[in-house]
Each structure stands twice: as C-alpha cells, then as structure tokens.
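In: Next come a sequence and a model predicted from it.
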Amino acid sequence: MLQMVLNNEVLMAKIHPNREFWESHLEMPFDRLIQDYQDAKIRKNWLDSLSGRQLGLLFDLSMKKPPHELSVQQMRKTLTDFPEELINYFLVHHFNHAKLEAAITEIAKPILSAETMAKLLVKDDKYDKKGLLFALFKADPELLKHVYHFDKVQKKGFGSFVLKNPPRQPATSFKEFATEDVVRAALKSHDEEQNDSFETHLQGLFYHEDRLYLFIRRASDEDLLLSSNRIVHGHKSDWIILDFAANANQVNLCAKCSNQGLKIADRLVSSYFDKDCSFINMQDYNFAAQVKAFLRSCASEIDKELKLFELKFRSAHLKNNTHLILTTHPTDPIAEELEALHQAVGDILDNIAMIDSVRVVFQGKKVPPLFKDRCG
C-alpha cells in the first residue's frame, strides 16, 4: 500500500535533471506537481489513467527490465511499490498536456528506434504521444526542450524577412558560426543597447531540416498573478522565435514585438557577415521588386502604352534634403538621361526608397502613379 507522504529529500534527489529544467525551460508548475505527487491518491489515479501500452513502456524504462508476461494489473501493482522511480515520468505526463502530436513525432522519429516507434504506433500514422515522450525523456531529457520549442513553431504564425542587400557568403557556414556563446553575446549586446532593465535569454538552439531555430525569451508587459490570496507582480514573457535559412539571407520571425526580434536578427547576421545588415519584410521586398520592375519597364519603353517622363528623387551621393527632378518631354525616352546621370548620382531606379514621385504617360495621358510607401 502506498505511503501517504513520500520522503521529500529522497524524492527531490530522483528529479532529473534539475528544477530549472522543468520550471524555467519547460515552464511547468514544479512545486505544485511535486506536492501533488506526494499525495497517494493522486499517484494512484495517475497510474490508473495509463494504458497498458504506456504501463509496459514505463515498467521497461523505470524498472530497467521488460514486463515479460505480467498482466496490466501486475505491472501497475509493481510500479505502485516504487513511487520514487516514477516522479520524472509523472512530470513528463503533465508536460504532455496540449502538445501537438506532430511536434512530438517530428522530434521522436530521428531519435527513437524503429522498434520503439512501432510499439507506440496506435493506428495508421497516429502515435501514443505520452509513450513517445516517456521514451524521449529516457533517451535524453533535453529532447523535451526540443519538443516544447517545436510545438511553439507549429502553433504560432510567422512573418518572413529577407536581407535587403545580401553580402557575399563567408567561408564559415552560418550553422558553424551561430554557436550558443555567439548568440548569447549578441543578446547581451542587445540588452545593453535597449537599457530597459530586461534580460534576454537564449532558451533553445537547434537545427532541423537545414534551418537554424533560436528560441529567445524576454520580459515584456507588466502583469500580475493571483497566488493563493496574494497578488504577485511581474512581467509577461515574450517568446521570440527566429527561424534562419542556412545561408542567413532569410529569417522567419514570431514575436509579440517584432521590432525586438528584428534587432536581434540584424545584430546576429551583421556579426556573421562582418558588416551592417538588416532584414526587410518579404512582402515589402516583393513590393519593392515589383515597383522597381515597373519603373524600369516604363523607362525602357518596353510597354509602348506606358512611358516614364518625370522623376523626383534623392541620392546617397548628395545631402539628404537635396531633391532633384528629372523631366523630359512626354514623347521623348528618359532612358538616355538616366544613363547620363548614372556616373554622378548612381542608378536612380535601384533604390526606390529614394524616389519621391514619378509621372508617366499612359495611353497619351499624363498620370502620377501612387505607390503605398512600404519600403522606405
């Protein structure tokens, strides 16, 4: 018969790997779960809730021997007599709550043996989630962090960003460059620059299908929690997820405050390419490319119905507040004038953010096209 309260010191000594792993990295209510597990009734209800497949796996993993011909009830009775050996799997059981099967199997398939995966296959492509997590924890507790992070990837929406002007690729790959030490150094510099008393923590870094995933946690809005009958004041945690392409030229970003995430991404790739780099929203990038292609088409008169005859622009070769207007007769091509100005002010159409306005002739009528400024 289960003792009512387990020896707390013995129980805590069995916790693997440590409190921080469960409480901080997996964000679980560690103290409450340990208190629950010390209740004999809760332990019994937990074991009773496990299926025969899960009990067999748990018996194999915790008793360090296969269940052989034991019945489900015999396995449950044996496990009941060794509660200290099961505390970690009780925590894994609660970690399983609301986790997507796709996230778990994505991590499990490359790690677990084909035999184990087959045992945990329920039907078709459906797996026993809890069983997979038991097996992953036994293989390496750190894998639960990957599940936790990949679950976030599959549940959240991302924005896509690309580098404005991708530099030449360094000899060192981005995967080799972006070590945990390098990322933490970039986060420390980011905090120093922000100077808002918040600390940015790297919670996870892993590679999947030739992508680098960074999971970063930072405090954001002030908040309060009700703990028993006390109010606990603090700040909400904002998760910043960066999903980099192998060449670091593109990143998918998920964050409540995308500005913070972009600053971190810019800082990291600038260090990698050893020059100032910045990401631009993919929609803005595509919009800029479309506008640029449209203006070049009008200037070159590829489209006989559309002719560019006036440009108001600025140039990096001149002072910021200097505006120039290039105008030709509506019937004359502007391409020659653009080429003549190239040596003095550069390719005017290369950076449309420096173009303030344009005028074109469309079917013999002068019109001023309007473009929503998304790339300035």
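Out: Thanks, I have the structure now.
In: need the longest helix for the chain.
Out: helix 282-300 (DSSP state H).
In: Tell me the helix or strand right after that one.
Out: Counting by DSSP states H and E, the next helix or strand C-terminal to helix 282-300 is strand 306-313.
In: how distant is that next one from the center of its chain?
Out: For strand 306-313, the separation from the chain centroid amounts to 42 Å (computed by Cα atoms, centre = their mean, to the nearest Å).
In: and it with helix 282-300, angle?
Out: 110 degrees (axes from the mean of the first three to the mean of the last three Cα atoms, to 10 degrees).
In: Pull out the buried residues from strand 306-313.
Out: 306-311, 313 (16 or more other Cβ atoms under 10 Å). Any C-beta I mention is one placed from the backbone N, CA and C, and that applies to glycine too.
In: I'd like the residues you listed as CSV, with pLDDT and distance to residue 11 appended.
Out: Below are these laid out as CSV (pLDDT from 0 to 100; distance: Cβ to Cβ, whole Å):
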residue, pLDDT, distance to residue 11
306, 81, 77
307, 84, 81
308, 85, 77
309, 86, 82
310, 87, 79
311, 85, 75
313, 85, 72
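In: and the residues you listed, which two are the farthest apart?
Out: Greatest spatial distance among these (Cβ to Cβ): 306 and 313, at 18.7 Å.
In: Touching stretch 191-207 from outside, list them.
Out: With contacts defined as Cβ atoms under 8 Å, 6 or more residues apart in numbering, stretch 191-207 is touched by 25, 145-146, 148-149, 175, 178, 180, 183-184, 187, 190, 212-220, 235, 239-240, 260, 263-264.
In: Send over it as CSV, restricted to the C-alpha atoms.
Out: The C-alpha trace of stretch 191-207 is given here as CSV (Å, rounded to 0.1, in the frame of the first residue of the first chain):
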residue,chain,number,x,y,z
ASP,A,191,20.2,44.3,-23.8
GLU,A,192,22.9,46.8,-23.3
GLU,A,193,21.6,48.8,-26.2
GLN,A,194,18.0,48.6,-25.1
ASN,A,195,18.9,49.6,-21.5
ASP,A,196,15.4,48.8,-20.2
SER,A,197,16.4,46.6,-17.3
PHE,A,198,15.1,43.4,-19.0
GLU,A,199,17.3,40.5,-19.8
THR,A,200,17.1,38.4,-23.0
HIS,A,201,17.7,34.7,-22.6
LEU,A,202,18.5,32.1,-25.1
GLN,A,203,16.2,29.2,-24.2
GLY,A,204,17.0,26.9,-27.1
LEU,A,205,19.0,26.5,-30.3
PHE,A,206,18.7,23.5,-32.7
TYR,A,207,18.9,22.6,-36.3
